[in-house]
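> Can you look at this prediction? I've put the sequence above it.
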Amino acid sequence: MKANACAEGLFDTDPKKFWNNVHKVSNSKANVHVVSVGGATGSSDVADMWKDHFEKLYNVQLNNKYRLLFEKKLMNSEPVIYVSDVSGSVGRQKRGKAPGPDGIRMEAFIFVGHRLHVLLSILFDMFIKCSYVPSVFL
């Protein structure tokens, strides 16, 4: 429900209003301590889960039968969220703030580099194009 409201906000002409709504929704139940995420319990296990996830994600040796279909779909459609949108938004974030509920500091996104910004833009674009946001992101 909240994701639908945020998605509809994309059509507003005021981008500040959209991002303020996203901020309100995403921080409504913010907590510094992660209890469990995706079956991992405790901050150490959650960090290991994300480490494993990104190691697989960045693995150039992937042999997935859906990879070509995915790349074809990406090439045949105009993106809604561009890499420059993600990089620009991340670059404008303040440093030195407290981490979110996942314990990840904004500096991780600021200094991570272009590759993650590409993946984030694809992720956000797919959320919009597919009109679907997985429950782990809500």
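Nice, thanks for sending it over.

> From the contact counts, what lies against the lengthiest helix in the chain?
As assigned by DSSP state H, the longest helix anywhere in the chain is helix 114-130. If you count contacts as 3 or more Cβ pairs under 8 Å, 6 or more residues apart in numbering; DSSP states H and E, helix 114-130 packs onto helix 83-91. In this view, the C-beta of every residue, glycine as well, is placed from N, C-alpha and C.

> Give the buried residues for the helix it packs on.
Within helix 83-91, the residues that qualify as buried by neighbour count (16 or more other Cβ atoms under 10 Å) are 83, 85-87, 90.

> As TSV, those with pLDDT would be great.
Listed next are the buried residues of helix 83-91 as TSV, based on pLDDT from 0 to 100:
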residue	pLDDT
Val83	91
Asp85	93
Val86	93
Ser87	92
Val90	92
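
> can you pull out the strands in the chain?
Taking DSSP state E, the strands of the chain run over residues 36-37, 40-41.

> Which one, of those, ends up nearest to Pro134?
Set against Pro134 and scored by Cβ to Cβ, the strands of the chain come closest in strand 36-37, at 12.4 Å.

> Could you pull up the contacting residues of the residue most central in space within the chain?
With distances taken as Cα atoms, centre = their mean, Leu120 lies nearest the centre of the chain, 5.2 Å away. Residues near Leu120 by Cβ atoms under 8 Å, 6 or more residues apart in numbering: Val86.

> let's number from 46 now, not from 1
Okay, using 46 as the starting number, the last item reads as Leu165.
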